[in-house]
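Student: Provide a 3D model corresponding to the input given below.
(one chain, ligands or ions: 2)
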Amino acid sequence: MADFISDLDFYQLDELLSPEDRMTRAAVRQFVQREVTPHVEKHFADSTFPLELIPRLAEFGVFGANLKGYGCAGMNNVAYGLIMQELEAADSGLRSFASVQSALAMYAIYAWGSEEQKNRYLPLMAQGKLIGCFGLTEPDHGSDPGGMETRARKDGHGWILNGMKRWITNGSIADLAVVWAKIDQGITGFIVEKGAPGFSTRDIHGKFSMRASITSELFFDDVRLDAGAQLPAARGLKAPLACLTQARYGIAWGAIGAARTCYQCALDYTRARKQFSRPLAGYQLVQNKLVNMLTEITKAQLICLRLGQMKDAGTMRPEHVSLAKRNNVQMALDIARTARDMLGANGIVNEYPVIRHMLNLETVNTYEGAYDVHTLILGRDITGIGAFD
Ligand code: TGC
Ligand code: FAD
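Tutor: Ligands and ions are numbered 1, 2, ... in the order given. Have a look, this model is predicted:
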């Protein structure tokens, strides 16, 4: 089966990338084509995550790629975004694994952890020898994480943690969970290691989306934690939300990868498939769809490149990321749905990657701030009036 991984660059944005960034992208793209796409449909069908890829991803410096020190690659944010794009060109689940490890679990420790925590966990996480997950969402609190019910109470020098998290990527395969909980002073974060008495996980089955990704529930039943398990600088909802900004940044780039694959597949298919007198690509209605796809992908690429430059320059605000995540994921989902239609009956089988991407993107549109939550974040930013409740 062709992989449909494409190098679409209609506006010659490659000219704006450094040679090092282009080399990083080329290496990850080649890796994805050789070692991921040949097997990803089977993982999606079997609902398994390709664990064997973890050390290989670490060799490319993927985990914590844009963090400095502690064994991390210290790449710039454009290079990090390009990596996310190549991973998601194969499957959103692969990008999600890297996002959760890097932008959520590692970043939480990097931004809010003690020196001891950073030295203990980050080098091993960069090497893929320790896997992390990030527990914010609860069964009754998704878009409103501030309402969380998971609680930690002081017990001598340590803590006792009780509660539950749901929809947690990498949950059951993680060696450590970054868990957000309420204490008397507000919200804070804890590092809970696998095997801690009272900590258990259960995988969520029956997903039609993100099947090549593990999604779990986390349960905390009187879990006793040392004082050293708390992230000392994590005070208030701002701490987990700052991690989300990092992950949303990577998703905005990643979604372009999924869109690119669907576009390339629709282009190749309609050029080859004849109906009535000529190839489908020779009909005006089909060309209109292809041109709209190309236009939207090009706009998304421009948004991300500028966003990456602003992130590197330190001028990026969370609202800038909301615009990119909201636009690019909706764009990719629209392209995947249109591509699915353009393939006709072949659009529903796993001989082509389109329906897998389409189903995955339904999740990507929901997680890390649903589409309408980003609408409200941006609405509040431009009007000064919050419309959340
Ligand atoms: P709000 O009053 O807006 O904010 C509280 C404090 O946080 C600050 N802040 C942020 N800081 C950094 N980055 C952001 N994105 C921030 N958003 C807000 C804000 O300035 C304030 O600071 P301070 O100093 O004044 O205290 O809080 P709110 O309760 O009104 O909530 C606003 C809302 C709805 C935007 C927020 O709760 C939200 O983003 N909800 C969506 C939840 C979400 O995205 N969950 C994702 C869970 S993780 C996940 O899905 C992983 S998927 C796997 C993968 O990534 O691949
Ligand atoms: P809800 O908050 O119930 O929202 C449902 C709908 O209502 C959405 O369309 C939303 O836009 C809309 N809505 C909500 N509030 C408003 C409002 N005020 N005004 C108008 N409309 C509104 N979470 C983690 O913490 N860690 C993870 O690793 C993680 N991984 C995930 C992996 C998968 C596969 C999935 C599906 C989810 C994952 N999540 C994770 C959870 C994800 O972040 C939440 O699903 C998401 O934040 C939305 O929450 P919810 O599903 O409870 O939807």
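
Student: just want the residue of this structure that's nearest ligand 2.
Tutor: Ligand 2 sits closest to residue 142 of the chain, with a gap of 1.9 Å, by C-beta to the nearest ligand atom. Quick note: C-beta positions are derived from backbone N, CA and C, even for glycine.

Student: residue 167 is in contact with that residue, correct?
Tutor: Yes - with contact defined as C-beta atoms under 8 Å, residue 142 and residue 167 form a contacting pair (7.5 Å).

Student: and stretch 381-389, anywhere near ligand 2?
Tutor: Yes - against ligand 2, stretch 381-389 shows contacts by C-beta under 6 Å from any ligand atom at residue 388.

Student: can I get that stretch in PDB? Just the C-alpha atoms.
Tutor: Provided in PDB are the C-alpha atoms of stretch 381-389 (Å, rounded to 0.1, in the frame of the first residue of the first chain):
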ATOM      1  CA  ASP A 381      -9.700  37.600  24.200                       C
ATOM      2  CA  ILE A 382     -11.100  39.900  21.600                       C
ATOM      3  CA  THR A 383     -14.200  41.100  23.500                       C
ATOM      4  CA  GLY A 384     -12.900  41.000  27.000                       C
ATOM      5  CA  ILE A 385     -16.100  39.200  28.000                       C
ATOM      6  CA  GLY A 386     -16.000  35.500  29.200                       C
ATOM      7  CA  ALA A 387     -18.800  33.400  27.900                       C
ATOM      8  CA  PHE A 388     -18.000  30.000  29.500                       C
ATOM      9  CA  ASP A 389     -20.900  30.000  32.000                       C
END
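
Student: confirm residue 385 sits in a strand?
Tutor: No - looking at residue 385 with DSSP: H, G, I helix; E, B strand; the rest coil, it is coil, so not inside a strand.

Student: next one: it from residue 376, what distance?
Tutor: Using C-beta to C-beta, to the nearest Å, residue 385 is found at 10 Å from residue 376.

Student: more neighbours: the two, which one.
Tutor: For residue 385 versus residue 376, the count of surrounding residues by other C-beta atoms under 10 Å is larger for residue 376: 17 against 7.

Student: what's the helix or strand harbouring that one packed up against?
Tutor: Secondary structure assigned from DSSP states H and E places residue 376 in helix 371-383. Counting contacts by 3 or more C-beta pairs under 8 Å, 6 or more residues apart in numbering; DSSP states H and E, helix 371-383 packs against helix 318-342.

Student: the helix it packs on and ligand 2 in contact?
Tutor: No - interface with ligand 2: helix 318-342 contributes nothing (C-beta under 6 Å from any ligand atom), its closest point being 10.6 Å away.

Student: quick one: is that helix near ligand 1?
Tutor: Yes - on the criterion C-beta under 6 Å from any ligand atom, helix 318-342 is in touch with ligand 1 at residue 318.

Student: got the CA positions of the helix or strand that comes right after that helix in CSV?
Tutor: Counting by DSSP H and E, the next helix or strand C-terminal to helix 318-342 is helix 354-366. Provided in CSV are the C-alpha atoms of helix 354-366 (Å, rounded to 0.1, in the frame of the first residue of the first chain):
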residue,chain,number,x,y,z
VAL,A,354,-8.1,8.4,4.9
ILE,A,355,-10.9,6.9,7.1
ARG,A,356,-8.4,6.2,9.9
HIS,A,357,-7.2,9.8,9.9
MET,A,358,-10.8,11.0,9.7
LEU,A,359,-11.8,9.0,12.8
ASN,A,360,-8.6,10.0,14.7
LEU,A,361,-9.2,13.7,13.9
GLU,A,362,-12.7,13.5,15.6
THR,A,363,-10.7,13.0,18.8
VAL,A,364,-8.1,15.6,18.0
ASN,A,365,-11.0,18.1,17.5
THR,A,366,-12.3,17.3,21.0
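
Student: what's the average pLDDT for helix 354-366?
Tutor: Across helix 354-366, the average pLDDT comes to 98.

Student: same question for stretch 188-200.
Tutor: Averaging pLDDT along stretch 188-200 yields 98.

Student: gap between the two ends of it?
Tutor: Criterion C-alpha to C-alpha, to the nearest Å; first-to-last residue distance in stretch 188-200 is 20 Å.

Student: just how off-centre is that stretch within its chain?
Tutor: On the basis of C-alpha atoms, centre = their mean, to the nearest Å, stretch 188-200 sits 23 Å off its chain's mean C-alpha point.

Student: also stretch 381-389?
Tutor: Chain-centre distance of stretch 381-389: 26 Å, with C-alpha atoms, centre = their mean.

Student: all further residue positions should be reported with the first residue as 736.
Tutor: Okay, residue one is now 736; in that scheme the one you just asked about reads as stretch 1116-1124.

Student: list the buried residues of that stretch.
Tutor: Residues of stretch 1116-1124 include none that count as buried (16 or more other C-beta atoms under 10 Å).

Student: just stretch 766-786 next, same as before
Tutor: By neighbour count on 16+ other C-beta under 10 Å, the buried set for stretch 766-786 is 766-767, 770-772, 775-776, 778-779, 782, 784-785.
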